[in-house]
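Engineer: below is the sequence, then the predicted model.
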Amino acid sequence: MITLTHVHKSFGDNHVLRGVSLHVPKGQSMVIIGGSGTGKSVTIKSVLGLVEPDSGRIEVDGREVHEGDRDAFLARFGMLFQGGALFDSLPVWQNVAFRLLRGALKRPKEEAREIAIDKLRRVGLRAAVADLFPSELSGGMQKRVGLARAIAADPEIIFFDEPTTGLDPIMAGVINELIREIVTEMGATTMTITHDMTSVRTIADRVAMLHDGVIQWEGPISEMDGADDPYLAQFIRGRADGPIEAVR
Ligand SMILES: Nc1ncnc2c1ncn2[C@@H]1O[C@H](COP(=O)(O)OP(=O)(O)OP(=O)(O)O)[C@@H](O)[C@H]1O
């Protein structure tokens, strides 16, 4: 499980996180929503230890993220980056097996390739795709490859950063369904950032809305539509009128 307690982070005079407290129970899928620039990425980077908070605590399974061995800590995470973030110079299978070919999770090359092909199949891609290069794939296929890479090392914790950005609505739906299935079958603890309300409804067990540097609302997806928080209501219905200032 992941617990953030009163986390603050500023960049110069930009006070982004102003006391974020959030608990992600083990095996649950937490989706973080909120306007552009509200600090969703900064929150996730803080959990990964890529951004150091100015104050507050972040614990994974009761342990401060900055304590202990960094390699062993990062080996527990999988990450699907915004835009796929594949290496153009590497064939697909080496992208998928990237972390199995080096570092704490290193395996023999043949085994790493087999795992990559197995994960590609899991996300609906045939084995022949393994030897293509990312530039030869459509955006939807690249997203699947990114997903296969995120799950390659069977991580306990997975982060999804805008998993459907740039995809058409049907492909976005396919990726959302795939993420939900995989998360359920792996029993992974996940945090997802998205602006896509369809993703929220497909992927989330719980939803947290970040606004003005704090978690404005948090609860199970089943309670989201009926919640009487005016900020949440405005955001999920995409209304220009409400307490959140829309800059036009
Ligand atoms: N390394 C950094 N240095 C300086 N400012 C930063 C840095 N990282 C983030 N910020 C600032 O922190 C704020 C929050 O950024 P963040 O990327 O977390 O927003 P977000 O909620 O993920 O937005 P979006 O939905 O647009 O991706 C922004 O104002 C951004 O400029």
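Structural biologist: Yep, it's here.
Engineer: show me what from the protein comes close to the ligand.
Structural biologist: Neighbours of the ligand within the chain, by Cβ under 6 Å from any ligand atom: 11, 14, 16, 34, 36, 37, 38, 39, 40, 41, 42. Every residue, glycine included, has its C-beta placed from N, CA and C.
Engineer: next SSE after the longest helix anywhere in the chain?
Structural biologist: Counting residues, the longest helix in the chain under DSSP state H turns out to be helix 169-186. Proceeding N to C from helix 169-186, the next assigned helix or strand is strand 189-193, under DSSP states H and E.
Engineer: after that following strand comes which helix or strand?
Structural biologist: Using DSSP H and E, the first helix or strand after strand 189-193 is helix 197-203.
Engineer: flag every buried residue along that next one.
Structural biologist: 199, 200, 201, 202, 203 (16 or more other Cβ atoms under 10 Å).
Engineer: circling back: hmm, who's touching the longest helix of the chain?
Structural biologist: 29, 122-124, 139-140, 143-144, 147, 151, 154, 158, 160, 163-164, 167, 188, 190, 192, 196, 198-199, 202-203 (Cβ atoms under 8 Å, 6 or more residues apart in numbering).
Engineer: need the contact list for residue 218.
Structural biologist: Per Cβ under 8 Å, 6+ apart, neighbours of residue 218: 22, 206, 207, 208, 209.
Engineer: please apply the same query to residue 163.
Structural biologist: Contacts of residue 163 (Cβ under 8 Å, 6+ apart): 80, 143, 147, 175, 176, 179, 192, 194, 199, 203.
Engineer: which helices and strands sit right next to the helix or strand containing the second one?
Structural biologist: Going back to what we said before, that points to residue 143. Element membership of residue 143, judged by DSSP H and E, is helix 139-151. If you count contacts as 3 or more Cβ pairs under 8 Å, 6 or more residues apart in numbering; DSSP states H and E, helix 139-151 packs onto strand 77-80, helix 92-96, helix 109-122, strand 157-161, helix 169-186.
Engineer: that helix vs helix 169-186, what angle?
Structural biologist: Helix 139-151 runs at 20 degrees relative to helix 169-186, counting by axes from the mean of the first three to the mean of the last three Cα atoms, to 10 degrees.
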